[in-house]
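Trainee: Sequence plus the predicted model coming up.
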Amino acid sequence: MVNKKMISIVLGLMCVALTIGICMQIRTVNDYSTKIGQNYDQNNLRAEVLKYKEKYENKVKDIEKIDAELEQKIDTASKNNTDLEDARNQIAEGNKLIGLTEVKGEGVIVTLSDSVLDASSVLNPSSLVVHDLDVFYVINELKNAGAEAISVNGQRIVTTTAIECGGNIITVNGEKIGAPFEIRAIGLPENLKNLDRAGGYLERMREEAVGAELKKAKSVTIPKYSGIIKFKYAHSIE
Amino acid sequence: MKHIKKGKITLTIVIGIACIALTTVMFMQFKMVNQTDIDELEVMREEELRTELAEWKNKYEEAENQYNSQLAKLEEYNQKEESETETAELVQKELDEVNLLLGKTDVEGEGIIITLKENSEAESGIITSDNLNMIVNNLKEAGAEAISINEQRIVNMSDIVTVNDVIIRVNQQRILTPYIIKAIGNQSYLESAMSGNGSEVDKLQKLGHDIKIEKDNKVQIPKYDKDLKSDYIE
C-alpha cells in the first residue's frame, strides 16, 4: 500500500515536471519564431547597408570623373593666361593642404600598438591599450612639430576630422579603426622626430608598456580624404 | 503474485518512458536556450546595422549633393568656354572655395560662442591645453566648420599645446584666460555637444570655472593670418 502511494507521488511529480518543461518549450519556440522574423529584417538591413555603400562609392567615382573634367577645363582655359595659371596653381596647392589630393614627401611613421603584456599581470589593464586620446595627442604633437599632412590607418586628417572614442575601436572621419595605429606625417623629419625625445609622449607611452615607435621615412604617401568637405554654415566675408 | 509482478513491470516501463521523455525535453530546452542567447547578440547587432545604414544614407546624400554642384559647375564652364573673362570668374570661384576650406578667409555664419573664464582659486585647477583640445575635438564631432580660440583660427594643422606647464599656445601664439572659443555650424548640434552632462565644458564648470555658452546667428571668425606651408609635400 505504502509502495503504491510512493509510486503515485513520483509519477505525479514527474507529470508536473513534464508539463512545466513542455510549457517552457512552447514559450521558447514562440519567442524563437519572432526572432526568425527579426533575422529576416536583419538580412534586409544588411543588404540595404551594402546597397547604400555601393551607391555612395559609385557616386564618389562619378564625382572624381567630373572633378577631372573640371580640372581639364581649367587647364585649357588657363593655358595662355598667366593670371589663371597662377590661380590654378593655388587651387592645386590648396587641395593638397585641405586633404583632397594624395600627397607624398619626407616625414615619419609612428606606430602605436597595444601592449604584449598579459592583462592580468598589471593593476590597471586599461593602461595596456592604445586609447583615442593617445592617437589624438600624438597627432597634436605632430602638428606642433610642423607636420603638413597626417593620416591614421589610411584616414586623412582634414580640418573637420574629429577623433571619437568608441569602446575598443576609435572613429576617425566616421570610419572605425583599431590598433595597431599607423600615423603618417609629412614634414621635416628632424622636427617630427622630436616626438620621440626623452620625456616625450612616445616615451611615456612606452613606460606604460604600450608599443610606440617612430620611424623616419624618405617618402611617405598619405591618401586623400575619402569623404566630402563642404561648408553649409560658414561663408567668407570681405 | 504473478499479477503483482505484471503490474510492477508495467509501472517500471511507464516511469522509464516518462523519464526518457523528460530528459529529451530538457535537452531540447537547453539547446533552445543556447540558441536564444546567440540570437540576442544578433538582435543587438541589428541596432548597429540601423545606425550604420543611417550613416551610409547620409554619406550618400552628401555625395549626391556634391555631385550635383560639381555637375552644375561643369555645365557652367561648358557654356562659358567662349568667353575668357567668364572662365576667369569661374576659376576665381573655385579658388575662393579652396581658400574658404583652408581657413584663409574671414568667415561668418550661425554658431556658438563659449567663454571660459579661469577660476583663480587653487582648488579649481587651471584650464589646460588638453581641455581646449577636447573642446575643439567635440566641436568638430558636432560638425563645426570653422573654429577659433581667442581669435586664433583653428586650421587643419593647428596645434594647441602647453609650454613650461603654464603657457598655452595656439598656432604658436600665446593665449590667456578668458578663453573665447567661437564655432560656426549647426547651432543646436554644437550647443548640445557642449552643454551635455559629462562634456568637457560641463566638467570645467563643475570644477568651478566660469563658463558661458551663447548662440549667435552671426558668429565671425577671422582667417588664419600666417602662410600655410607645404615645403615638404612634393
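Mentor: Ah, there it is.
Trainee: Report whether A:Ser151 is found in a helix, as I expect.
Mentor: No: judged by DSSP: H, G, I helix; E, B strand; the rest coil, A:Ser151 forms no part of a helix; its state is strand.
Trainee: Report the beta-bridge partners for it.
Mentor: A:Arg156, A:Arg184 (DSSP bridges).
Trainee: quick one, what contacts A:Ile163?
Mentor: Contacts here follow C-beta atoms under 8 Å, 6 or more residues apart in numbering or on different chains; on that basis A:Ile163 touches A:132, A:135-136, A:139, A:170-172, B:137. Backbone N, C-alpha and C define where each C-beta goes, glycine included.
Trainee: What is the longest helix belonging to chain A packed up against?
Mentor: If you go by DSSP state H, chain A has its longest helix at helix A:2-77. On a contact count with 3 or more C-beta pairs under 8 Å, 6 or more residues apart in numbering or on different chains; DSSP states H and E, helix A:2-77 meets helix A:82-98, helix B:2-80, helix B:84-102.
Trainee: quick check: mean pLDDT across it?
Mentor: Average pLDDT, helix A:2-77: 78.
Trainee: Widest-spaced pair of the contacts of A:Ile163?
Mentor: A:Ile139 and A:Thr171 (14.2 Å; C-beta to C-beta).
Trainee: doesn't A:Val158 make contact with A:Ile98?
Mentor: Yes: using C-beta atoms under 8 Å, A:Ile98 is in contact with A:Val158, at 6.5 Å.
Trainee: So between the two, which is more surrounded?
Mentor: A:Ile98 (24 against 21; other C-beta atoms under 10 Å in any protein chain shown).
Trainee: The more buried one: what's it in contact with?
Mentor: A:158-159, A:225, A:229, B:98, B:101-102, B:156.
Trainee: Kindly report the same for A:Glu64.
Mentor: With C-beta under 8 Å, 6+ apart, A:Glu64 has no contacts at all.
Trainee: Then B:Tyr77?
Mentor: Per C-beta under 8 Å, 6+ apart, neighbours of B:Tyr77: A:70, A:73-74, A:77, B:87, B:90.
Trainee: so A:Leu100 sits in a strand?
Mentor: No: the assignment for A:Leu100, made by three-state DSSP, is coil rather than a strand.
Trainee: show me the residues around it that make contact.
Mentor: A:224-225, A:229.
Trainee: List the backbone torsions phi and psi for it.
Mentor: phi -90, psi 0 (degrees, to the nearest 10).
Trainee: Tell me the confidence at it?
Mentor: 92.
Trainee: again with B:Leu176
Mentor: 91.
Trainee: and it, how many residues sit next to it?
Mentor: The burial count for B:Leu176: 9, using other C-beta under 10 Å.
Trainee: what does B:Gly7 give?
Mentor: By other C-beta under 10 Å, neighbour count at B:Gly7 equals 12.
Trainee: Might you list the low-confidence residue ranges for chain B?
Mentor: Across chain B, the ranges flagged by pLDDT under 70 are B:1-4, B:32-44, B:81-83, B:122.
Trainee: quick one: contacts for the residue positioned nearest the centre of it?
Mentor: Closest to where the C-alpha atoms of chain B average out (C-alpha atoms, centre = their mean) is B:Glu141, at 3.1 Å. Contacts here follow C-beta under 8 Å, 6+ apart; on that basis B:Glu141 touches A:162, A:164, B:193.
Trainee: Looking at those, state which has the most neighbours.
Mentor: B:Ala193 (23 neighbours).
Trainee: how about the closest residue in space to that one that isn't next to it in sequence, what does it touch?
Mentor: Of all residues not flanking B:Ala193 in the chain, B:Ala142 sits nearest, at 3.6 Å (C-beta to C-beta, 6 or more residues apart in numbering or on different chains). The contact partners of B:Ala142, by C-beta under 8 Å, 6+ apart, come to B:185-186, B:189-190, B:192-194.
Trainee: and which of those residues is nearest B:Pro178?
Mentor: B:Pro178 lies nearest to B:Met194 out of the contacts of B:Ala142, by C-beta to C-beta, at 15.9 Å.
Trainee: Please enumerate residues in contact with the host helix or strand of that closest one?
Mentor: Per DSSP states H and E, B:Met194 falls inside helix B:187-195. Helix B:187-195 is touched from outside by B:110-112, B:114, B:135, B:138-139, B:141-144, B:183, B:199, B:201-202, B:213, B:215, B:217, with contacts defined as C-beta under 8 Å, 6+ apart.
Trainee: For the contacts of A:Ile98, which PyMOL command selects only the ones that are buried?
Mentor: Per 16 or more other C-beta atoms under 10 Å in any protein chain shown, the buried members of the contacts of A:Ile98 correspond to this PyMOL selection:
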select buried, (chain A and resi 158+159+225+229) or (chain B and resi 98+101+102+156)
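Trainee: would you list the contacts of A:Ile98 in TSV and tack on distance to B:Lys8?
Mentor: Listed next are the contacts of A:Ile98 as TSV, based on distance: C-beta to C-beta, whole Å:
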residue	distance to B:Lys8
A:Val158	86
A:Thr159	89
A:Tyr225	85
A:Ile229	87
B:Val98	98
B:Leu101	93
B:Leu102	96
B:Asn156	90
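Trainee: Can you tell me which of the contacts of A:Ile98 lies closest to B:Met28?
Mentor: For these, the nearest to B:Met28 is A:Tyr225 (54.6 Å; C-beta to C-beta).
Trainee: For that closest one, which three-state class applies?
Mentor: Bear in mind the rule, three-state DSSP; under it A:Tyr225 is coil.
Trainee: Was I right to think it contacts A:Asn173?
Mentor: Yes: between A:Tyr225 and A:Asn173 there is a contact under C-beta under 8 Å: 7.1 Å.
Trainee: intersection of neighbour lists for the two?
Mentor: Contacts common to A:Tyr225 and A:Asn173, judged by C-beta under 8 Å, 6+ apart, are A:156, A:158.
Trainee: Which members of the contacts of B:Ala142 come out as buried by neighbour count?
Mentor: Of the contacts of B:Ala142, these count as buried by 16+ other C-beta under 10 Å: B:185-186, B:190, B:193-194.
Trainee: which of these lies closest to B:Thr177?
Mentor: Checking these against B:Thr177 by C-beta to C-beta gives B:Met194 as the nearest, at 17.9 Å.
Trainee: Cheers, nothing more for now.
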